[in-house]
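Student: Here you go, sequence then predicted model.
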Amino acid sequence: MLKGIAASDGIGIGTVVTVKETEIKYEPRAVEDKEAEKKRLKDAIADFLTRTQALAEQMEKSVNAKDAEIMYGHIAMMSDPFMGQQMEEQIDSGACAESAAETVLNMFRDMFAAADDELTKQRATDVEDIKTRLLKILLGIEDTDLASLPPDNILVTRDLTPSMTAQMNHDSVVGIVTESGGMTSHSAILSRALEIPAVLSVKDAVSILEDGSRVIVDGLKGEVLEGPAEEDFAEYKKAEEKFLAEKEALKAYIGRETLTADGIHKEVFCNIGNPDDARTARERDGEGVGLFRTEFLFMDADSIPSEEDQYKAYKKACVNLQGKTVIIRTLDVGGDKEISYMNIPKEENPFLGYRAIRWCLDHPEEYEKQLRALIRANADTGGNLWIMVPMVTSVAEIKAVRSLAKSICDDLALPMPKIGSMIETPAAFIMADKLAGYCDFFSIGTNDLTQYVMASDRGNSKVAYLYNTYDPAVLRAIKGVIEAGKKAGITVGMCGEAAAAPELIPLLISFGLDEFSVSPTSVLRTRAEIARWTKDEADRVAGAVMELETAEEVKEYLDRELARG
Ligand code: PEP
Ligand code: MG
């Protein structure tokens, strides 16, 4: 079993086709007839532009209009006279067309790769793609014919580039495995747009997986099963059928208001890690963003992102959400979230230590930078950006954040965004009634709340038996927080993984949760589960569950209720 990143959900069963890279080899030569060499380069660029235009048009029809933009970006880059001039200057100083193109494009690639923000970094992949295709044209190398792939194939490649996607016959590809790329890479974006199950960043996949062998790609778990046995085929075939049938049935919920069976309005928001995910959230019919984990922005950089870079990212997320609520969490560093350049010293108990708001309030200059970026982005996008504070343990912390935000707003003469607290520590839920007086909303972080209530490290397998959100202690905390928030008249959401657990939905409806924030792929399922319950039925289940004594009893009871259909 090979493991990687689950980048596009679903299960693909098929035959491996590896895309082996054609070696681009040439001997740099000194040119005598420089004008003829420049003409050769110009012709190659013209050919590149014609082919890319055709690819973009094909892509517009077959993939998704927005993905063709990547190709149009390639056209814009190569049509820029500056690019051609730079290459011609190389030829003037004696280089052949191939080395001229390679030198200049490598320079651009390195420049993009060194950028601070993730989006500019991504452009390095585009330049690499352009370089490969331009050199192939110059050297007369024709690509593998991705348009006529055999049916039911699993495409295994180092990276899935936009141009490969444009050429490939999507109907025949049932799974994608790549050696590189994370959740925000082009490979991930494109495979999700095509709705092809994909597992990315599988080490040495191209050499390990053999052409013609049968494999199973599990895009839900991020696993690739090599040489499956007969019973594996049957098992995964069943899982695939179930996944597809559920997906089809869930389409009925697209564009629908989230309502309980007796018409109580709820909201299903999305958890995201970068501004582009906000677009995915919208496409998946999320009604807003309930958690933007800004630490990813910090993790993807070499140093703390500037106020301007942060402002652009937050603004982009709001623009992508087109006026819907976007809840952005301020930096949650520490615990298991290490950001190397911040040099936070190793601690005996990192989860109980210098983390999140504790670090931020201790670094007001950095925190103010983030708050200013958020306040400006809110003001420039119509006022739907809410600021959320992680790991709050005392009223003093939320008051300090408010006071910092207030002085920035006064300074910039901008409106104060809504400010709320994550409820993920026992202190926060015990003091929820008081905290609510300083918060515009609460969002329950069940991932941490569970570990802190149960005193069991969320990453320690030895105490995993205790780390259980179904434990009555955690459920009591959740109930208490929702009740305190409702009593104070503020919105209460949940952005921990528990918000997407179908079994817990009747409890959360009964307690009065307003907003469920889940991963974009879980939006429709969560909406459908909410629609199954009336408040009375949910109250009946919650009443019985709150009398139970152990997590096992709770889980068993809820499983039985869910199975009743
Ligand atoms: C949580 O703790 O539930 C949460 C949403 O935050 P994170 O998982 O990022 O700690
Ligand atoms: Mg947390």
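Tutor: The structure has been received and is ready for your questions. Ligands and ions are numbered 1, 2, ... in the order given.
Student: Quick check: residues of this structure near ligand 2?
Tutor: 424, 445, 448 (CB under 5 Å from the ion). Using the backbone N, CA and C atoms, a C-beta is placed for each residue, glycine as well.
Student: Quick one: residues contacting the residue of the stretch 201-350 of the chain found nearest ligand 2.
Tutor: Closest approach between the stretch 201-350 of the chain and ligand 2, counting by CB to the ion: residue 332, at 6.3 Å. Contact analysis of residue 332 by CB atoms under 8 Å, 6 or more residues apart in numbering lists 293-295, 355-356, 390-391.
Student: same deal with residue 167?
Tutor: By CB under 8 Å, 6+ apart, the neighbours of residue 167 are 55, 58, 143, 146-147.
Student: give me that answer again for 6 Å
Tutor: Counting by CB atoms under 6 Å, 6 or more residues apart in numbering, residue 167 makes contact with 146-147.
Student: Likewise for residue 350?
Tutor: By CB under 6 Å, 6+ apart, the contact list for residue 350 reads residue 335.
Student: That one and residue 294, how far apart?
Tutor: Distance, residue 350 to residue 294, by CB to CB, to the nearest Å: 19 Å.
Student: Ligand 1 contacts on the stretch 401-550 of the chain?
Tutor: Contact residues, the stretch 401-550 of the chain versus ligand 1 (CB under 6 Å from any ligand atom): 424, 445-448, 495-496.
Student: number of nearby residues for the residue of the stretch 251-400 of the chain found nearest ligand 2?
Tutor: Per CB to the ion, residue 390 is where the stretch 251-400 of the chain lies closest to ligand 2, at 5.9 Å. The tally of other residues near residue 390 (other CB atoms under 10 Å) stands at 28.
Student: show me what contacts residue 318?
Tutor: Per CB under 6 Å, 6+ apart, neighbours of residue 318: 326, 381, 385.
Student: what do you get for residue 376?
Tutor: Counted by CB under 6 Å, 6+ apart, residue 376 has contacts residue 311.
Student: Could you tell me whether it really is in a strand?
Tutor: No - assigned with DSSP: H, G, I helix; E, B strand; the rest coil, residue 376 falls outside any strand and is helix.
Student: Nearest residue to the residue in the stretch 451-565 of the chain that ligand 2 sits nearest to in space, please, no chain neighbours.
Tutor: Proximity of the stretch 451-565 of the chain to ligand 2 (CB to the ion) peaks at residue 496, 7.1 Å away. Nearest non-adjacent residue to residue 496, counting by CB to CB, 6 or more residues apart in numbering: residue 446, 2.9 Å away.
Student: What is the burial count for the closest residue to residue 318 other than its chain neighbours?
Tutor: When the adjacent residues along the chain are set aside, residue 318 lies closest to residue 381, with 3.8 Å between them (CB to CB, 6+ apart). Using other CB under 10 Å, the number of residues around residue 381 comes to 19.
Student: Next: residue 475.
Tutor: For residue 475, the neighbour count with other CB under 10 Å is 23.
Student: for this protein, which strand is longest?
Tutor: Secondary structure of the chain per DSSP state E: the longest strand is strand 11-18.
Student: What average pLDDT does that one get?
Tutor: Taken as a whole, strand 11-18 carries a mean pLDDT of 94.
Student: So which elements touch the helix or strand just after that strand?
Tutor: Of the helices and strands lying after strand 11-18 in sequence (DSSP states H and E), the nearest is helix 34-62. Under the contact criterion of 3 or more CB pairs under 6 Å, 6 or more residues apart in numbering; DSSP states H and E, helix 34-62 touches helix 65-79, helix 81-92, helix 97-113, helix 118-139, helix 162-167.
Student: what's the next secondary structure element after the shortest one?
Tutor: Spelled out, that is helix 162-167. Taking DSSP H and E, what comes next after helix 162-167 is strand 173-178.
Student: give the contact list for residue 341.
Tutor: Applying CB under 6 Å, 6+ apart to residue 341 gives the contacts residue 303.
Student: Then it would be within a helix, right?
Tutor: Yes - under three-state DSSP, residue 341 falls within a helix.
Student: if I look at it, how far off is residue 369?
Tutor: Applying CB to CB, the value for residue 341 to residue 369 is 15 Å.
Student: likewise residue 340?
Tutor: 19 Å.
Student: Which one's more surrounded, those two?
Tutor: Applying other CB under 10 Å to residue 340 and residue 369 shows that residue 369 carries more neighbours, namely 19 against 8.
Student: Show me the strands in the stretch 451-565 of the chain, by range?
Tutor: Remark: strands assigned in the stretch 451-565 of the chain by DSSP state E, counting those that start in this stretch are 491-494, 515-518.
Student: so which of those comes closest to residue 36?
Tutor: strand 515-518 (60.9 Å; CB to CB).
Student: contact partners of the closest one?
Tutor: Strand 515-518 is contacted from outside by 267-269, 271, 290-291, 493, 495, 499-500, 526, using CB under 6 Å, 6+ apart.
Student: Filter those down to the ones in helices?
Tutor: Per DSSP state H, helices hold the following members of the contacts of strand 515-518: residue 526.
Student: between the contacts of strand 515-518, which is closest to ligand 1?
Tutor: Taking CB to the nearest ligand atom as the measure, ligand 1 lies nearest residue 495 of the contacts of strand 515-518, at 4.6 Å.
Student: Mind listing what's buried along stretch 421-436?
Tutor: Across stretch 421-436, burial judged by 16 or more other CB atoms under 10 Å covers 421-425, 428-429, 431-432, 435-436.
Student: got it, and stretch 500-517?
Tutor: Under 16+ other CB under 10 Å, the buried positions of stretch 500-517 are 500-517.
Student: thinking again about what came up before, near ligand 1, which of the contacts of residue 318 show up?
Tutor: Within the contacts of residue 318, nothing lies near ligand 1 by CB under 6 Å from any ligand atom.
Student: Turn those residues into TSV, columns for secondary structure, distance to residue 96 and pLDDT.
Tutor: As requested, these are exported to TSV (DSSP: H, G, I helix; E, B strand; the rest coil; distance: CB to CB, whole Å; pLDDT from 0 to 100):
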residue	secondary structure	distance to residue 96	pLDDT
326	strand	51	98
381	coil	50	97
385	strand	52	98
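Student: which one of these sits closest to residue 253?
Tutor: Among those, and counting by CB to CB, the member closest to residue 253 is residue 326, at 21.9 Å.
Student: Could you tell me how many residues sit around the residue nearest to the closest one when sequence neighbours are not counted?
Tutor: When the adjacent residues along the chain are set aside, residue 326 lies closest to residue 289, with 4.4 Å between them (CB to CB, 6+ apart). By the other CB under 10 Å criterion, the neighbourhood of residue 289 contains 30 residues.
Student: Residue 289 bridge partners, please.
Tutor: In this entry, residue 289 is beta-bridged to residue 270, residue 326, by DSSP bridges.
Student: separation between it and residue 277?
Tutor: Per CB to CB, residue 289 is found 8 Å from residue 277.
Student: One more: residue 57?
Tutor: Computed as CB to CB, the residue 57 to residue 277 distance reads 28 Å.
Student: follow-up on the earlier one: what's the residue nearest to residue 318 sitting at in phi/psi?
Tutor: phi -130, psi 20 (degrees, to the nearest 10).
Student: What lies in contact with stretch 138-145?
Tutor: With CB under 6 Å, 6+ apart as the test, stretch 138-145 has contacts from 22, 26, 44, 97-98.
Student: do stretch 361-371 as well
Tutor: 304, 307, 310, 330, 360, 400, 404-405, 408.
Student: Recalculate using a threshold of 10 Å.
Tutor: With contacts defined as CB atoms under 10 Å, 6 or more residues apart in numbering, stretch 361-371 is touched by 294, 297-298, 304-308, 310-311, 314, 328, 330-331, 333, 342, 354, 357, 359-360, 375, 387, 389, 396-397, 400-401, 404-405, 407-409, 411, 417, 419.
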